[in-house]
Each structure stands twice: as C-alpha cells, then as structure tokens.
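> Provide a 3D model corresponding to the input given below.
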Amino acid sequence: MKLFKYLQVALESVTAHKMRAILTMLGIIIGVAAVLTTMGIGRGAAANITSRIESQGTNLLTIFPGASNSGGVAGASGSARTLTLGDARALQDKSLHPDVALVAPEYSGNMQLVHGSTNSQSNVVGVTTDYFPVRNLSIASGRLLTEEEIQNQSQVVVLGSNLAGDLFDGENPVGLTLRIGAQPFQVVGVLEESGGFGRTTPDDQAYVPIGLAQGLLFNAPRYRGDYTVSNIYVQGADSNTLEDAEQQIEMTLRMRHSLQADTDNDFSILNQASLLETASDITATLTIFLGSIGAISLLVGGIGIMNIMLVSVTERTREIGLRKAIGAQDTDILMQFLVEALVLCFLGGLVGVGLSFGLATLLAQFPAMPFSVVIESDSLALALGFSLLAGLVFGIYPAMRATQLDPIEALRTE
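Next comes the predicted model:
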C-alpha cells in the first residue's frame, strides 16, 4: 500500500510542476526515441538485405568459373571459362548428387535491345526451364520459356519487369516483337518484380534459350568439347543438406576437370546460406552500433533527471524536514524521491515510444528510403527498461541526499 502512496505523491509533484516535468522528461523522450528509431533502422536494413538475398533463390548454390581469391569471393568469371554445359548435365545425376534438386546453367552477355525508337543496353541471359524456379522468378504476364523452345532454340524472350517497362513504356509486350542485336525475338512473358543486388538484377534482364544465346547471339567458346557457361545455379534438396550438396558438387567437378589432390579448384561455389549468415552478422552488429549511439541520448537524459531531482530536493528541504519531524523514516524519504524519478522516466519513455512510431511513419513516406523502420516488441521492452534503469541509477543519489538532511536544519531553511 505504501508504494501506491509514494506513486500518488510523485504524480502530485509532477502535475504541480508541469513545465519542469516536461523539460526533465525531454532527455528521456529523445533518448528512447533515438534508441528505438536507430535500432529500427538497423533491423529494417537487415530485413531488406535478407529479403533481397532470398529473392535470388532458396537453398541456392552458385558455381562460378575460375578460382576464388583469398577473400573467398569468386574471381573474374567473365574471363575464366572453366564451366561447361557438360558439367551442368553431370550435376543432374541424382545417384551422385542426392542432395541436389535442380541445376540451371546460364550464359549471359550485354546486347542492344530495340523496340521501335526505344533501345536499351541490357544483360541477355541464356537459360533452361529450370532456371526460373531455381532463381525464384515468377511470371507476371504471358508465360515462361518451354522445354520445346529451349530444345529448338526458338527466338523467344522473357523480359524482366523494369526492362519491359523501359522498352514498351507501360504497354503489355506479350506477343510483340523486339530486336536483340540484329535478330527478331517474340516476347512471350514478363516477370514479376523481384529486386536483388548488383548492377544486373533479374528485373533488368532478358531471358532466351541457352543454346540460342551461346550460338546465335554470343558465339560462346567451347571447353573440353562443350559450350562454356557463365555460371551454374544449383538448388539444394533441403537447406539442412546444402553443405552436403556443395561437397558432392565439388567432388564431381574436380574429377571432371582432372584436378590433382594438391591443385586448387578452377571454380568457386557460393553458398547462399553462408551469405545470409554473414549478412545477418553484419546487420546485427550495425543494429547494436546504432542502438548504442541512441543510448548516449538516454544517458544524457538520465543525467538531466538527476540534476532536476537535486534541484527538487533543495527546493523541498522544509517539506523533507517537516516529514522527518512528524516521524517519516529515511526509507520513506528515499522511496518518495526515487519513485518520482522513476515516474518521470517512465512517462518520458512512453512519450518517446510514441515519438519513435511517428518518426517511423514519417520516414516511410520518403521515396528515397529503401526500407521501413522495424520497431519490435523486444526493442520497446529494452528502451522502456533502460529508461526506468536510468531513473533508478540517476534518481538514487538525489534521494539519498534527501535522507541525509537534518530535520532541525531543514526546518530552519527559508
């Protein structure tokens, strides 16, 4: 029951000095809003990066030609020609690769795409039918390439959403014709927007049968009797066995390329799961860093609470002396001022939470903002918890100062 009495006294003190209470809470309000907003930016960036990586395909392994460098990143795949269609066909053998679900080679290069008076220098990718499910690409209008068109090397093309918009200016291009280089191609489909990283995302690419790209469009070189490919994408049967699939692929390719035990791979394998894990670690560190910056504001706010509470103790010296004279214990005085500090911090924390949601809504209105600010329940609990901790830490000293006042000296104070 005493706690409710202390709470009532604290609220009466706050309402009696509204302007001072607002100015006192301002530091906590800004601190809580800064912590939540900065952590929300970090988490929003993390969610955005994760979704972009996942949009490239699930359970994905990417095989690049050429050895990796010391950082583990694929070397110059544009000049290295060590992967072939024969390698891709070999990886489709389920008896040797039980943890591999789909294999999708590609051969790509830049070409001029022209429709009417509009043209675009874009990346043209030769693919198989498995390429679209492996890369998690779905159709928005029209259809995807068929197996028959791949086999017959038909002059048909599927366009990424951005490329279709650039070339056809909002018109539905399905059934219309464009030129790739000097060759006419019929548009059979347009992909849904997928996003992604890099200079050439699926939204900005055109997709044609792989044999047509290797022969007619780019005159691809041969290696060990087969056409070379730019990359090979492999979808694992299960995310838990992706590392097993990677080992099976490495063993097969080393055998096919006749590599000795002491010879480095002439190819590189990028594991999507490892990339996601690395991105998650980086964004977690970023979130902690941003949250720490915001916590400095909370610390400053706590110092402001202590300063005002010390002023409050000085102003209420006679009140403290009177309460002690009529029998109030040191613990009563201590709890009175400590609860008042906690109430100020808690109210400031609540206002800071509201301000952070307002800032998140405001930032979402800016077109240049590539992701939303994500404020989650654990961030709310953390921010409010730290605001109360600030009240406890920075309110304890003024409260102890109040208990040390001599009642007789306090009553003499004017």
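> contacts and neighbour counts: CA atoms only from here.
Noted.
> packing partners for the lengthiest strand in the chain?
Ordering each strand of the chain by length in residues (DSSP state E) puts strand 100-115 first. In terms of contact count using 3 or more C-alpha pairs under 8 Å, 6 or more residues apart in numbering; DSSP states H and E, strand 100-115 is assigned the packing partners helix 85-91, strand 118-127, helix 131-134, helix 161-168, strand 177-180, strand 231-236.
> the longest one: partners in the sheet, and parallel or antiparallel?
Looking back up the chat, that one is strand 118-127. The strands that strand 118-127 pairs with in its sheet are strand 100-115 (antiparallel), strand 205-209 (parallel) (by DSSP bridges).
> let me have the helices and strands packed on strand 100-115 in CSV, extended by distance to V373 and mean pLDDT.
As requested, the helices and strands packed on strand 100-115 are arranged in CSV below (distance: least, C-alpha to C-alpha, whole Å; pLDDT from 0 to 100):
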stretch, distance to V373, mean pLDDT
helix 85-91, 42, 94
strand 118-127, 33, 93
helix 131-134, 30, 92
helix 161-168, 26, 92
strand 177-180, 41, 94
strand 231-236, 32, 92
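> and of these, who's closest to P367?
With C-alpha to C-alpha, the closest approach to P367 among the helices and strands packed on strand 100-115 belongs to helix 161-168: 17.5 Å.
> residue ranges with poor pLDDT in the stretch 151-300 of the chain?
Applying pLDDT under 70 to the stretch 151-300 of the chain picks out residues 196-199, 273-277, 279, 290, 294.
> mind putting the helices and strands packed on strand 100-115 into TSV with mean neighbour count and distance to D281?
TSV is the format used below for these (neighbours: other C-alpha atoms under 10 Å; distance: least, C-alpha to C-alpha, whole Å):
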stretch	mean neighbour count	distance to D281
helix 85-91	19	32
strand 118-127	20	32
helix 131-134	19	25
helix 161-168	20	31
strand 177-180	20	42
strand 231-236	26	23
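> what's the closest of these to G352?
helix 161-168 (40.6 Å).
> other SSEs contacting that closest one?
Helices and strands in packing contact with helix 161-168 are listed as strand 100-115, strand 118-127, strand 183-191; criterion 3+ C-alpha pairs under 8 Å, 6+ apart.
> returning to what we had before: among the helices and strands packed on strand 100-115, which is nearest M39?
Of the helices and strands packed on strand 100-115, the one closest to M39 (C-alpha to C-alpha) turns out to be helix 161-168, at 32.2 Å.
> and the angle for the closest one with strand 118-127?
Following axes from the mean of the first three to the mean of the last three C-alpha atoms, to 10 degrees, one obtains 140 degrees for the angle between helix 161-168 and strand 118-127.
> who touches helix 161-168?
The list of residues contacting helix 161-168 from outside it, by C-alpha atoms under 8 Å, 6 or more residues apart in numbering, reads 114-115, 118-120, 170-171, 173, 190-193, 203-206.
> please save the CA atoms from it in CSV.
This file holds the C-alpha atoms of helix 161-168, laid out as CSV (Å, rounded to 0.1, in the frame of the first residue of the first chain):
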residue,chain,number,x,y,z
SER,A,161,9.8,-6.1,-65.2
ASN,A,162,12.0,-3.0,-65.4
LEU,A,163,13.3,-3.8,-68.8
ALA,A,164,9.8,-4.4,-70.2
GLY,A,165,8.7,-1.0,-68.8
ASP,A,166,11.7,0.8,-70.3
LEU,A,167,11.3,-0.8,-73.8
PHE,A,168,7.5,-0.8,-74.1
